[in-house]
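*Asks:* dropping the sequence and predicted coords here.
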Amino acid sequence: MNPRPRHPLAARPTLRPTELRDSVLWTPGPLDRLDFLHRFADRFGLHHRATGLNLGLDHFLTELAQDPHRVSLLPADVPLPDVLDLRTVPLTDPTPLYAWSLLWRTEHHHPGLEELTAACAAEAGRSRWLEYDPARDWLPPPPTPQVEPATPAHGRPTPPRP
């Protein structure tokens, strides 16, 4: 969480996500395109939301710093420039975790794929990427598939088969 030092909660050593309810969640684009942030805002009651253009991290942080009521979520290890007067405050009880996936094609394996996956697994172990404790951490629930009824050529939905 990155409130400005002028933000009313900026001096706190840690924050609970629910304590952000009176803040403005600043996002680098529309929330309907940022599923994790959208679910986070809905789950923890951040109803005040504002979006900017996704023109890179520097632009995003500059825009974040324009309003002392704005907050945003960034990975804990993102270095912040000192000149922007921003402060990182860890979120706890629960700690939001961002689920990452490493994807690759099943055919035509790149010769460096095994080295890449081994390096990712090693870093995951060092950086606690794979630790998840539902009593301590928050992940959004998996998306549920939305099944729309088939529409035949005559324009009326086909009833589902038993």
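*Replies:* Structure received.
*Asks:* now the strands: where do they sit in this structure?
*Replies:* In the chain, the strands defined using DSSP state E lie at 24-27, 48-51, 70-71, 95-96, 137-138.
*Asks:* same for the fourth one, what does it pack against?
*Replies:* By that I understand strand 95-96. Here strand 95-96 touches strand 137-138, going by 3 or more Cβ pairs under 8 Å, 6 or more residues apart in numbering; DSSP states H and E. Using the backbone N, CA and C atoms, a C-beta is placed for each residue, glycine as well.
*Asks:* name the residues that touch the strand it packs on?
*Replies:* 17, 40, 43, 94-97, 131 (Cβ atoms under 8 Å, 6 or more residues apart in numbering).
*Asks:* same check on stretch 86-105?
*Replies:* With contact meaning Cβ under 8 Å, 6+ apart, stretch 86-105 is reached by 1-5, 9-10, 12-17, 36, 40, 61, 64-65, 73-76, 80, 110, 113, 116-117, 120, 129, 132, 136-140.
*Asks:* low-confidence ranges in the chain?
*Replies:* 1-5, 83, 147-162 (pLDDT under 70).
*Asks:* which helix runs longest in it?
*Replies:* As far as residue count goes, and with DSSP state H defining each element, the longest helix of the chain is helix 113-127.
*Asks:* show me where the chain has its helices.
*Replies:* Under DSSP H, the chain gives helices at 35-44, 57-64, 113-127.
*Asks:* got a list of what R12 touches?
*Replies:* Here R12 is in contact with V89 (Cβ under 8 Å, 6+ apart).
*Asks:* ok, it to T92 distance?
*Replies:* R12 is 11 Å from T92, where distance means Cβ to Cβ, to the nearest Å.
*Asks:* fine, thanks again, bye for now.
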